[in-house]
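**Student:** one predicted model, sequence on top.
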Amino acid sequence: MKEKYKITGMSCSACSANIEKTVSSLEGVIEANVNLLKNDMNVEYDQEKITSENIIQAIQKIGYGASLPDHDTGLPLKEENQAVIGDQEEKKMQVRLWASVFWLIPLMYLSMGHMIHLPLPWWLEGAQYGVNFALLQLLLTLPIVYLNRKFYQVGLKALFHKMPNMDSLVAVGSGAALIYGIFALFQMSTGLAVHDMEVVHHYQMDLYFESAAMILTLVTVGKYLETKSKGKTGKAIEKLMHLIPKQSLVERDGVELLIPSDQLVLGDVVIVKQGGLIGGDGTIIEGSGAVDEAAITGESLPVDKNVGDMLVSGTLVKSGYMKFRANKVGADTTLAQIIRLVDEAGASKAPIAKLADKVAGVFVPVVMVISLLTAIIWMIVGADFEFALARAITVLVISCPCALGLATPTAIMVGTGKGAEMGILVKSAQSLERMRDVDTIVFDKTGTITKGKPQVTGEMWISSSVEFQVKPLLASLEDLSEHPLSKAVVAHLGVENKETVLNYEAVPGGGILGEVSGQKILCGNANLLIERDVEIQEKELLEQVAKWEQDGNTVLYVAQNQKWTGIMAIADPVKPKTKGILAKLHQMGIHTVILTGDREKTAQAVQEQVGAKELIAQVLPQDKEKKSSVTTSSGTCCSYGWRWN
C-alpha cells in the first residue's frame, strides 16, 4: 500500500534523512521518500506487517510531527488551499524576520558601533558602566531568541533523540554564545564589586550576544527565502488543477442540479455546454459537439464528438451540447491520474539527491564532533577556555548543511516546474537525471513541432468577381462559429461589416451553412458538399486540392447557391524555432523522430520542413508509447512529447 503523510518540524536534509532512515528501518516498510520542500513523505508498506499509526508513532518518537490527510482524495490540495497555506507560512516568516532585524539593528550598533567611533550614551561608555553595556545587549538579544525559539525547540529535541539536524547546530551555536555572554556579565559584575576594572574591561570586549542574535537572524533569512521558494513550487500542478471545473451540471431523476465536481458519482448523467470544462470521464449518450483536448493529448484541433464517443476530464467544449454518463470520477479520472503523476515526479528523488541526503545525515553529528575536538585541541595547546569556546562556536555556525540538502531537490523542483510550464512532463527525478544519456528524442507533431493553432495558408476562387462577392458573406457566416478552423478563416478574411445570417446550421464533422444577404453560403469538407448535392467539377480547383493535401493542409470547400466557388487551405504551421532546435540536436549527436497520428503525406511535408531524421506516421494515441519504446529499444533514453514556446 502507498500513502502520503504530512511531515512537520523538518528544517534541513538531515531531518529528512533521519525520518527516511527511521521509517525505512521499520519492519514491513518497502520504501520511504521524504520531500523536504513539500514537507511530505510517500511510504510504501505491507499492511499485514505494519499500520499507518505505527509509522506516525515512529516519526513522532524522534521529534517530528506526522499525519495523514483528513480527506484523502488521491489528489494534492486544491490550488486555493495551497495558495492560502503558502501565503500564511510566508507571511509568518516575513514578520519573524523583520521583527528580528528590528531588534538586531540597535544591538549591532551598540556592540560594534564604538569600533568605528560611533557615539554611545555616557552611561554605556567605559569600564565603570560595563554592566549597563552588557545588560542592554542581553535585553536586545532576548526578543530575537524568543522570536526564533523554534530553532531551540526542534534542534534540542532532535539532539536529545540522538538525531541532530541543522537546527541542532544553530541551537547549540547560538545558545553557547548566549550562555557565554551571560557568564561574562556575571564576571563583570564581580569585577566591579571587587574594583577589578581590568577584568571588567576584558569581558566587556568578549561579549557574544550579537553573535547569538546574528546567527538566528541570518538563518531566519535563509528560512524565509526557502519558504518563498516552496511557495513558488507546484505551479504546474496548480495549472492542471485549474482544468477541473469547480461545479458540474448533472441530471438526477429528471432534475438538473449544479453540484461540486468532487461530488460526482459513477453513473451520473452530466450535461456540458459550449465553453464548459468536463469534470469526469464518460460516454456521450445525447448530443454532439467539438471538444478541445489539447490539455490532455496535445492535439491543437478540436475533436468532433457524437453519441457513443468518450469524453475526458479537463477538456473544453468548444461548441455543441452533450450529455454523458460518468464512468470515472474524482481521483480515477484521466486528469487526476496526470496530476498524481506530476506530483509524484516532484516527490521522487534522483540518485544524486539521495546521495546528498546520505551525506547530510552524517554531516551534522560529524560537525558537532569536530567542534568539540576544536575546543579540546585549543585548550591542550594552551588557549584559555573562552578562546577555545569561541572557536568551537565558529565551527558550529559556519557548518550548517542547508545548501547541501536543499540545492539538489530545489534544482530538480525548478527543472520539472519550468519544464511543465513549457509542456514537458518529467515522469520522475531519475528520468531527469538520465537525460544526460539521451541519444534519441521522439517528438509528437501537433503542438510540439507545430504551433498548435491553425492558419489559412492559401485560397483559390473560380473568378475574381466571385471572390469579391463571396468573401464578405463567408466571413459573416464563419464569425458565428466557435470552431478553430472558422476562427482561422475569420482572422484571415476579417469581419468589417457583419451581415445578418439566417438559417444558420453547424454540421458536426462537416462544416457550416446559412443564408447571408439572400445568398446560400456553405463552407466545409468534401463530404458536406456531397451531402448537400453541390457539384464538384472545376479541374483547376481539384488539382490544387490534391497539391494542398499532399503538403499537409486541410482543405475547406466554399459554395454559393449550390455551386462550388472556391477553396481555402488551412494548416498548423511549424514553429519558427523548430528547425533550428532540431539542427542543434543533430549537432549534439541526437537522433530525432517525429511520431504522429497524421497520414503519411501530411507528416512527410512537416518532416521535410524541419529536417527530422525519422518519421513514424498514422499511429493511434494508445500505440504511441509502444512505438516510441520500439524506436529506443537499443536501451537509450527517450523524451516524448517535448514542447517549446
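**Tutor:** Thanks, I have the structure now.
**Student:** and the closest residue to T8 other than its chain neighbours, how far is that from N18?
**Tutor:** Take T8 and drop its neighbours on the chain: the residue closest to it by C-beta to C-beta, 6 or more residues apart in numbering is G65, 3.6 Å away. C-beta: built from backbone N, CA, C; applies to glycine. Using C-beta to C-beta, to the nearest Å, one gets 14 Å for the distance from G65 to N18.
**Student:** more crowded one of the two?
**Tutor:** N18 (27 against 14; other C-beta atoms under 10 Å).
**Student:** for the helix or strand hosting T283, name the packing helices and strands.
**Tutor:** Using DSSP states H and E, T283 maps to strand 281-292. Counting contacts by 3 or more C-beta pairs under 8 Å, 6 or more residues apart in numbering; DSSP states H and E, strand 281-292 is packed against strand 269-273, strand 303-305, strand 310-311, strand 316-328.
**Student:** contact partners of the shortest one?
**Tutor:** Taking contacts as C-beta atoms under 8 Å, 6 or more residues apart in numbering, the residues outside strand 310-311 that touch it are V272, I278, D281, G282, T283, I284, V291, K305, M322, F324.
**Student:** quick revisit: confidence score at the residue nearest to T8?
**Tutor:** In this model, G65 is scored at 86, pLDDT.
**Student:** assign L136 to helix, strand or coil.
**Tutor:** Secondary structure, DSSP: H, G, I helix; E, B strand; the rest coil: L136 is helix.
**Student:** so where do the helices sit in the stretch 451-600 of the chain?
**Tutor:** Ranges of helices within the stretch 451-600 of the chain are 464-478, 484-493, 526-531, 539-550, 578-587, 600-610, based on DSSP state H, counting those that start in this stretch.
**Student:** ok, and for the longest one, which residues are buried?
**Tutor:** Within helix 464-478, the residues that count as buried by 16 or more other C-beta atoms under 10 Å are E467, Q469, V470, K471, P472, L473, L474, A475, S476, L477, E478.
**Student:** what's the answer for the second one, then?
**Tutor:** Applying a neighbour-count criterion of 16+ other C-beta under 10 Å, one finds P484, L485, S486, K487, A488, V489, V490, H492, L493 buried in helix 484-493.
**Student:** ok, so of these, who is nearest E44?
**Tutor:** Distance to E44, by C-beta to C-beta, is smallest for P484 among those, at 43.9 Å.
**Student:** once you drop chain neighbours, what's closest to the closest one?
**Tutor:** Nearest to P484 is P454, by C-beta to C-beta, 6+ apart, at 5.5 Å.
**Student:** that neighbour against S486, yeah?
**Tutor:** No: contact criterion C-beta atoms under 8 Å: P454 and S486 do not qualify, at 9.9 Å.
**Student:** pLDDT on the helix ranked longest in the chain, on average?
**Tutor:** Identified as the longest helix of the chain according to DSSP state H is helix 79-112. Per-residue pLDDT over helix 79-112 has a mean of 79.
**Student:** mind giving me the domain split of the chain?
**Tutor:** 2-72, 73-221, 240-341, 349-435, 438-453+572-645, 464-565 (automatic domain parsing).
**Student:** where in the stretch 101-250 of the chain is pLDDT low?
**Tutor:** In the predicted model, the stretch 101-250 of the chain carries pLDDT under 70 at residues 225-239.
**Student:** the helices in it, which residues?
**Tutor:** Ranges of helices within the stretch 101-250 of the chain are 130-147, 150-160, 166-193, 197-204, 209-232, 235-241, based on DSSP H, counting those that start in this stretch.
**Student:** distance to N54 added to those, as TSV?
**Tutor:** Below are those laid out as TSV (distance: least, C-beta to C-beta, whole Å):
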stretch	distance to N54
helix 130-147	36
helix 150-160	21
helix 166-193	26
helix 197-204	53
helix 209-232	29
helix 235-241	30
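**Student:** ok, which of the ones you listed comes nearest W461?
**Tutor:** The closest of these to W461 is helix 235-241. By C-beta to C-beta, the value is 43.4 Å.
**Student:** re earlier: go through the buried residues of helix 484-493 and name the one nearest T554.
**Tutor:** L485 (7.1 Å).
**Student:** these two touch, right, the closest one and M568?
**Tutor:** No: with contact defined as C-beta under 8 Å, L485 does not reach M568; the gap is 9.2 Å.
**Student:** which neighbours do these two share?
**Tutor:** Joint contacts of L485 and M568 (C-beta under 8 Å, 6+ apart) are L556.
**Student:** how close does the residue lying closest to L124 once chain neighbours are set aside sit to L207?
**Tutor:** Sequence neighbours aside, F133 is the residue nearest to L124 in space, at 5.0 Å (criterion: C-beta to C-beta, 6+ apart). F133 sits 8 Å away from L207, going by C-beta to C-beta.
**Student:** just checking: what are the partner strands of the helix or strand harbouring L615?
**Tutor:** Per DSSP H and E, L615 falls inside strand 614-616. Strand pairing for strand 614-616, using DSSP bridges, gives strand 591-595 (parallel).
**Student:** which other residues reach the partner strand?
**Tutor:** 439-445, 449, 582, 585-586, 603, 606-607, 610, 612-616, 619, 624, 627-628, 631, 640.
**Student:** mind doing that once more with 6 Å?
**Tutor:** 440-443, 445, 582, 585, 607, 612-616, 619, 624, 627, 631 (C-beta atoms under 6 Å, 6 or more residues apart in numbering).
**Student:** centre of the chain versus stretch 173-189, how much separation?
**Tutor:** Stretch 173-189 sits 47 Å away from the centroid of its parent chain (C-alpha atoms, centre = their mean, to the nearest Å).
**Student:** what lies in contact with that stretch?
**Tutor:** Outside stretch 173-189, the residues within contact range by C-beta under 6 Å, 6+ apart are 130-131, 134, 200, 203, 206-209, 211-212, 215-216, 393, 396-397.
**Student:** D304 reaches P508, doesn't it?
**Tutor:** Yes: judged on C-beta atoms under 6 Å, D304 makes contact with P508 at a distance of 5.1 Å.
**Student:** so how many other residues sit close to the residue lying closest to L316 once chain neighbours are set aside?
**Tutor:** Closest residue in space to L316, ignoring its immediate chain neighbours: D292 at 4.3 Å, by C-beta to C-beta, 6+ apart. D292 has 20 neighbouring residues, counting by other C-beta under 10 Å.
**Student:** if I look at D292, how far off is D304?
**Tutor:** 11 Å.
**Student:** likewise M166?
**Tutor:** From M166 to D304 the distance is 58 Å (C-beta to C-beta).
**Student:** then S465?
**Tutor:** According to C-beta to C-beta, S465 and D304 sit 34 Å apart.
**Student:** what helix or strand is I441 located in?
**Tutor:** Per DSSP H and E: strand 440-444 holds I441.
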